[in-house]
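> quick one, fold the following:
(2 chains)
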Amino acid sequence: MSNAPSSAMKTIKATARIGDIRAFAGFGAVSVGCLIFLYAPIVFLAAYSFNDGRSVSRWSGFSFRWYATVFGNENIQTAALNSVIIAIIAATVSTLLALGAAVATVNRRASGGEAAYLVLTFPLMVPEIVTAVASLVFFVAIGISLGFVTILMAHIVFCIPFAYLPIKARLEGLDASLPAAAADLYASPARAFARITLPLLVPGLLSGWLLAFIISLDDFIITALVAGPGATTLPLHIYGMLRLGMTPEVNAISTLMLGASTVLVLVSALIGKIGHKH
Amino acid sequence: MSARQLSLSSRVSPRLADLGLLGPAIAVILLFMVAPMAIMFVYSFLQAAPYGGVEWTFTTEAYSSILFERDFLDDSLTFTPDYLIIVARSVCQAGLATLLCLVISVPTAYYIATRPERQKNIWLVLITIPYWVNLLIRTIALLFVLRGDGPINAVLMQFGIISEPLPLSYNGFAVCLGLIYSFLPFMVLPLYSAFERFDFRLLEAAYDLYASRRIAFFRIVLPVMRPGLIAGSLLVFIPSIGSYLAPDILGGGKTLMIGNLIGTQFQSARNWPFGAALSMILLTLTLLVLLWLARRAGQQKSDCR
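Residues are numbered from 1 along each chain as shown, chains lettered A, B, ... in the order given. I've put the predicted structure just below:
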């Protein structure tokens, strides 16, 4: 009995494959081409980071020597440490700010909610170079000397929308009757939030934090303008290295950053998926 | 009155609680984002100080110097197209990049949207990864393959197709390719979510009425997709026009765009009011385009009702 429907399904599937009304000739080829275009440069860059020779054009055997050079370079270590510290603080602060904002804007659709949304996503709408120079002008005008602190402040600001959007999405997807049930069982609003809403928000918080972390780690142009002469981050250091020409060290450090971003994106996507299943 | 409302009103009013929750984030953005824009607006009407910064004298010099050059000797204004060319180049490069992104993204997004569920997810992850991966690194990767002695030229010369390396980098072509490479995922993803909602019965109906595949696609699919096409185009056009890295790294400093021109005013050129004026123009253009889009989206929503 179970055989008949499945064979019927098969014929349906087979006819669908032959005469899929949705298919257009050549679209598959363009899509594959699009992926090749997106990945080929990255793959080449990564492959040549394992090249034994000093040349970035001629392959002369497999080696990890450029990774050893990168890990042994004190300037790179300092820059990387700066980048990670700034990204952790910026992601944490912006996630906390975004959490408060999301709870306030989603839970009770108060008047002015649209205006609040506009302000919270404003950093996404301004061209990055404009944000960069405006931040520079602002810090100079109020007399904060450029350096680690100014980089951190700028990062917190542009990370807020990236942390806010996933938290907001998660909060909107929550069943509103759950905190109401908690309230019926005499939980105070604070207690209902801490014991019911917050645990359910964890996937949103994590993916928001991770996205903010990636955005902070990757930023170049805003950091470049508000960094001042003293402080440096990994992208700034890599840009400086590039000024001296394409070297295998640039390939190696770039490959490390590519790997880190990819892992973080996959983790964030995975968390989002787990969150959806609940 | 439920227990929840009761306990809330007995402690703090909800309005006050909202303010406490929402306040900090809003305050941070107003202080560090909106206030700096206001300062920039003011600075764009001031005189440039010789070593960066401004002098507090009102002038529209910064705006007029985009079009005119003041003669040092007799103070006369002469029209100079240099900056206008950079602005025009930015618009053209960003426009061309947007168009080519559309040409690549429409088939790709459509193809992904019509895949079975499992394949669809893999495709989406593959398109999403470059979206989040460091832009500087991706630009460097593109330079790496386009260089005179990079892999593309090496392969072409190996097979004797060319005898001299092709000039693929440090020119307008490389910048345009860089913009496409940078922002292509910005186009594919919104188009995908538009195609995902497409009602394929419309296509069936078109075929029933003897439409060819070509006519069905251009007369049925694309018109229905218009809002998605516009949204995707803006997501590419806006970051492209203010792009800094692609012209800087791939253009080799020879084909400047407005983003580089702004950056230079605050770095080596030290003409803050001029940079502020250019920033205001770029910002106004961007916000106008976004406003126009928001109004259109609003109209469409009310049309549906």
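
> quick check: phi and psi at B:A216.
phi -60, psi -40 (degrees, to the nearest 10).

> so what's the residue count around it?
Using other C-beta atoms under 10 Å in any protein chain shown, the number of residues around B:A216 comes to 21. No exception for glycine: its C-beta is placed from N, CA and C like everyone else's.

> does the strand or helix carrying B:F41 reach chain A?
Assigned by DSSP states H and E, B:F41 belongs to helix B:35-43. Yes: using C-beta under 8 Å from any C-beta of the partner chain, helix B:35-43 reaches chain A at B:35-37, B:39-40, B:43.

> which of the residues you listed count as buried?
B:36-37, B:39-40, B:43 (16 or more other C-beta atoms under 10 Å in any protein chain shown).

> for those residues, which one is nearest chain A?
Nearest to chain A among these is B:P36, at 3.6 Å by C-beta to the nearest C-beta.

> who's in contact with the closest one?
B:P36 makes contacts with A:134-135, A:137-138, as judged by C-beta atoms under 8 Å, 6 or more residues apart in numbering or on different chains.

> among those residues, which lie within helices?
Those of the contacts of B:P36 mapping onto helices are A:134-135, A:137-138, per DSSP state H.

> check the residues you listed against chain B, which are close?
Among the ones in helices among the contacts of B:P36, chain B is touched by A:134-135, A:137-138 when using C-beta under 8 Å from any C-beta.

> which one (most neighbours) among those residues?
Neighbour-wise, these (other C-beta under 10 Å) top out at A:A134, 30 neighbours.

> what sits closest to it if chain neighbours are left out?
B:P36 (3.7 Å; C-beta to C-beta, 6 or more residues apart in numbering or on different chains).

> tell me which element B:Q47 falls in.
strand B:46-48.

> is chain A within reach of that strand?
No: figure legend: strand B:46-48 not in contact with chain A (C-beta under 8 Å from any C-beta); closest approach 11.1 Å.

> please write out the alpha-carbon positions of the helix or strand following that strand in PDB.
Sequence order places strand B:54-58 as the next helix or strand after strand B:46-48, per DSSP H and E. Provided in PDB are the C-alpha atoms of strand B:54-58 (Å, rounded to 0.1, in the frame of the first residue of the first chain):
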ATOM      1  CA  VAL B  54      38.300  75.000  10.500                       C
ATOM      2  CA  GLU B  55      38.300  78.700  11.000                       C
ATOM      3  CA  TRP B  56      35.000  80.200  12.200                       C
ATOM      4  CA  THR B  57      34.100  82.300   9.200                       C
ATOM      5  CA  PHE B  58      31.000  81.700   7.300                       C
END
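
> which parts of strand B:54-58 are buried?
Taking 16+ other C-beta under 10 Å as the criterion, strand B:54-58 shows B:V54 as buried.

> run a quick neighbour tally on B:L293.
Neighbour number of B:L293 under other C-beta under 10 Å is 15.

> list the contacts for it?
B:230-231, B:234 are the contacts of B:L293 under C-beta under 8 Å, 6+ apart.

> which one of these sits closest to B:G160?
Using C-beta to C-beta, B:L234 is the member of the contacts of B:L293 that lies nearest B:G160, at 44.4 Å.

> so the closest one sits against B:L290, correct?
Yes: between B:L234 and B:L290 there is a contact at 7.3 Å, judged by C-beta atoms under 8 Å.

> quick one: A:S268 and A:A102, what's the gap?
Look at A:S268 and A:A102: by C-beta to C-beta, to the nearest Å, they are 17 Å apart.

> name the residues of the stretch 51-200 of chain B found near chain A, please.
Checking the stretch 51-200 of chain B against chain A by C-beta under 8 Å from any C-beta, the hits are B:53, B:104-105, B:107-108, B:110-112, B:114, B:123, B:125-130, B:132-138, B:140-145, B:147, B:149-151, B:154, B:181, B:184-185, B:188, B:200.

> pull out the buried residues from the residues you listed.
B:104-105, B:107-108, B:110-112, B:114, B:123, B:126-130, B:132-138, B:140-145, B:147, B:150-151, B:154, B:181, B:184-185, B:188.

> so what pLDDT did residue 126 get?
In the absence of a named chain, this looks at chain A. The model reports A:V126 with a pLDDT of 87.

> hmm, no, I was thinking of chain B.
89.

> the lowest-mean-pLDDT helix or strand in chain A: what's the following helix or strand?
Least confident helix or strand, chain A: helix A:3-18 with a mean of 49, by mean pLDDT, DSSP states H and E. The helix or strand immediately downstream of helix A:3-18 is helix A:27-48, counting by DSSP H and E.

> that following helix: which residues count as buried?
For helix A:27-48, by 16+ other C-beta under 10 Å, it's A:27, A:30-31, A:34, A:37-38, A:41-42, A:44-46, A:48.

> which ones, among those residues, also lie beside chain B?
Contacts with chain B within the buried residues of helix A:27-48, counted by C-beta under 8 Å from any C-beta: A:27, A:30-31, A:34, A:37-38, A:41-42, A:44-45, A:48.
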